[in-house]
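Trainee: Sharing a model prediction with you, sequence too.
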Amino acid sequence: MTTPPSHAEPISQTVASPLPNAWQWARRHLFPSPGHTVLSLITLAFLLWFVPTALDWLIFSATFIGESQADCTGGGACWLPISQRIEMFVYGFYPDTQEWRVNVAFALAAGLFPLLYAKRLDRRWILAYLAALPFVMWWLLKGGAGLPEVSSTKFAGILVTVFLGVVGMVFALPLGILLALGRRSSKPIIKMLCVLYIELIRSVPVITLLFMASLMVQLFLPPGVFIDILLRVLAVLILFTAAYMAETIRGGLQGIPKGQYEAAKALGFSYWKTMGMIILPQVLRNTIPPLLTQFIGLFKETTLVMIVGVLDIVGIAMSTTAAPEWLGLEHEVYLFLAMFFFVICFALSRYARHLEKQLERSRS
Amino acid sequence: MSALPQQDTAPDCVVRIEHLDKWYGDFHALKDVSQTVAAGERIVICGPSGSGKSTLIRCINQLERHQRGTVEVLGEILDDNVKRLERIRRSVGMCFQHFNLFPHLTVLKNCTLPQTANLGVPQEEAIERALALLDKVQMREHANKYPGQLSGGQQQRIAIARALCMQPRIMLFDEPTSALDPEMISEVLDVMVDLARDGMTMLCVTHEMGFARKVADRVIFMDHGEIVEQAPPERFFHAPSSPRTQQFLNQILDHGVTRA
Ligand SMILES: Nc1ncnc2c1ncn2[C@@H]1O[C@H](COP(=O)(O)OP(=O)(O)OP(=O)(O)O)[C@@H](O)[C@H]1O
Ligand SMILES: [Mg+2]
């Protein structure tokens, strides 16, 4: 064994067995100074206490299988309100025999991600998939045209959350693009309308807009005409997210050099062809990471619809904690909720990070 | 689509500029400029920085709108008619100082997209034409690379090929070599000389006086938004009539900007 190097010595020793290496690493990163050392020790102590305790409560002493709260005897978490009601959490009140439709809709939504990864695929296919997705999802869930109809009052749980998130994103992006282009338009009326819209929406809390959608829209419609509440809150989420996306995309548009427009013009591209073939592909490529961040925001904001009576996953969670047989298990239910959102949003944010890295690499 | 109406006036006049005035805000950038360009003519435009050279050639494809006078290109007067303008631009190629290739497209796609999108050329034909022209500028083996992976000289040659893919009748060059490292200038100039030998109508803003001597039919000297002097290269370089031209020539010849 070599003697451990003193503080001043550089740590570039050539002979190195794994143990001194780990020790050197720890010295350099965990204990470089007395202050750091104290902080590191406190953190380590906390982790040593917390991780086993948490794991024990969450998993080792927890109860996963059983019928009712009486089966929860392990002293750990009681996951029965979730495992017993998992169908409720995922499908809401959707008829049992039709649940395959929800599964297909989920699969189609999840299919977006491999599609975005596929580089060799023609962009037109991806666009067609994106454009068709909301309508196919709505048709699958709602029925009609060959499928038995299901009332949207039966929609609840993850089904609502995923539907609002995915369909909201698919519509918000093109609307955001149009708003961003409108804001840079040379036509004063179009420009003014877009600026007005973007600034207005961005300065009102989304809750207010949701209440307006649930209470006020009906006042303006002729009697007898009724728009599904789910679609109304969906519209609010789309209009809201689009205003923010418009600002992101506008930033991206500003980053495109003037020469790109000039070259396109000089080659005889029309305005829409310039935008669609030259400018927007570059802008979208550069703004994928912030746009995905906005999608994460949208996904979390879908939980607000609960306030106007649409039962998303949070609504189901609340009704579960209020049910007499699961009384007192709020911790587990809300922890489950947090984990659900964490897993999805964290995966999305990792994906955004991955894309960012890829872009950095392709730029250099 | 690329068929153009026959000019009825002077049959070989492809650009006719009359009493052109251009302002940027209050700044008078072009002052009552008149000029005609005959088919097959090769013109080099030079002059000090800020004299309006770029502005003049950018008026020919209307990247800059003028306020007064007429610009007639290939027999059509350019006005607010956007469709006509787009049609004319497809027959007027342009190369820029900073190449302006589309960075998100491969070299080949840079050359085929304008054809398929704007001329309605079928994909296979567009590829064939693009490869032939890339071959001509000796960039065929780089067809599947992205512009960011290539040197400035290579990018500029691709930009020329891209413009030629549209089968233009006129080519405009705005200082195509002034953003290039010295060792790359000649590879671009070689391509331009070839193009001139093929009989292309060219208007080049450049300070490459060697190029002007070699291929130009006419050299135009601009200063303060005006055409001060124009003459065949022989007379322009050896017996300029205006003292301003003389002074300009002395300056650039002293600093060795010329290349044979
Ligand atoms: N977009 C613009 N807005 C305002 N002024 C402009 C603009 N473009 C050019 N100018 C001005 O017009 C004058 C002529 O510009 P132009 O680009 O035609 O000059 P140039 O002869 O090409 O010069 P250089 O050799 O530097 O390229 C310059 O004084 C310039 O400052
Ligand atoms: Mg210039």
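Mentor: That came through, no problem. Ligands and ions are numbered 1, 2, ... in the order given.
Trainee: Could you list the low-pLDDT ranges of chain B?
Mentor: B:1-11, B:255-260 (pLDDT under 70).
Trainee: Give me the residues contacting the longest helix along it.
Mentor: For chain B, the helix reaching the highest residue count under DSSP state H is reported as helix B:182-197. Applying Cβ atoms under 8 Å, 6 or more residues apart in numbering or on different chains, the external contacts of helix B:182-197 come out as B:42, B:136-138, B:151-154, B:156-157, B:160, B:164, B:171, B:173, B:176-177, B:180, B:202, B:204, B:208, B:210-211, B:214-215, B:259. Every C-beta, even on glycine, is put in place using the N, C-alpha and C of the backbone.
Trainee: which ones among those are found in strands?
Mentor: The strands in this structure, assigned by DSSP state E, contain B:42, B:171, B:173, B:202, B:204 from the contacts of helix B:182-197.
Trainee: ok, the last one touching residue B:177?
Mentor: The reference is to residue B:204. No: counting by Cβ atoms under 8 Å, no contact exists between residue B:204 and residue B:177, whose distance comes to 9.7 Å.
Trainee: Can you name the residue of the stretch 51-200 of chain A nearest chain B?
Mentor: Evaluated by Cβ to the nearest Cβ, the stretch 51-200 of chain A has residue A:123 as its residue closest to chain B, separated by 11.0 Å.
Trainee: From residue A:34, how far off is that residue?
Mentor: The span separating residue A:123 from residue A:34 equals 57 Å under the rule Cβ to Cβ, to the nearest Å.
Trainee: How about residue A:318?
Mentor: For residue A:318, the distance to residue A:34 - Cβ to Cβ - is 49 Å.
Trainee: neighbour count winner among the two?
Mentor: residue A:318 (16 against 8; other Cβ atoms under 10 Å in any protein chain shown).
Trainee: ok, the more buried one - contacts?
Mentor: residue A:306.
Trainee: My reading is that it lies in a helix. Confirm?
Mentor: Yes: according to DSSP: H, G, I helix; E, B strand; the rest coil, the state of residue A:318 is that of a helix.
Trainee: The stretch 151-300 of chain A against chain B: which residues are in contact?
Mentor: Applying Cβ under 8 Å from any Cβ of the partner chain, we find that the stretch 151-300 of chain A lies next to chain B at A:257, A:259-260, A:262-270, A:273, A:277-278, A:281-282, A:285.
Trainee: Considering only those, which also neighbour ligand 1?
Mentor: Within the set of these, contact with ligand 1 (Cβ under 6 Å from any ligand atom) is found for no member.
Trainee: Only whichever of those residues are buried, select them in ChimeraX.
Mentor: If you want just the buried ones from those in ChimeraX, going by 16 or more other Cβ atoms under 10 Å in any protein chain shown, the selection is:
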select /A:260,262,263,264,265,266,267,268,269,270,273,277,278,282,285
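Trainee: Return the subset of the residues of the stretch 151-300 of chain A next to chain B lying in helices.
Mentor: If you go by DSSP H, these have A:259, A:260, A:262, A:263, A:264, A:265, A:266, A:273, A:281, A:282, A:285 in helices.
Trainee: which ones are touching the closest residue in space to the fifth one that isn't next to it in sequence?
Mentor: Sequence neighbours aside, residue A:274 is the residue nearest to residue A:264 in space, at 4.2 Å (criterion: Cβ to Cβ, 6 or more residues apart in numbering or on different chains). Each residue near residue A:274 by Cβ under 8 Å, 6+ apart is listed here: A:261, A:264, A:265.
Trainee: Any stretches of chain A with poor pLDDT?
Mentor: In chain A, residues with pLDDT under 70: A:1-19, A:116-121, A:361-364.
Trainee: The residue of it found nearest ligand 1: neighbour count?
Mentor: Using Cβ to the nearest ligand atom, the closest approach of chain A to ligand 1 is made by residue A:258 at 9.4 Å. Here the number of neighbours of residue A:258 (other Cβ under 10 Å) works out to 10.
Trainee: Over to residue B:220?
Mentor: Count around residue B:220 with other Cβ under 10 Å applied: 22.
Trainee: Wasn't residue B:50 part of a strand?
Mentor: No: according to three-state DSSP, residue B:50 belongs to no strand; its state is coil.
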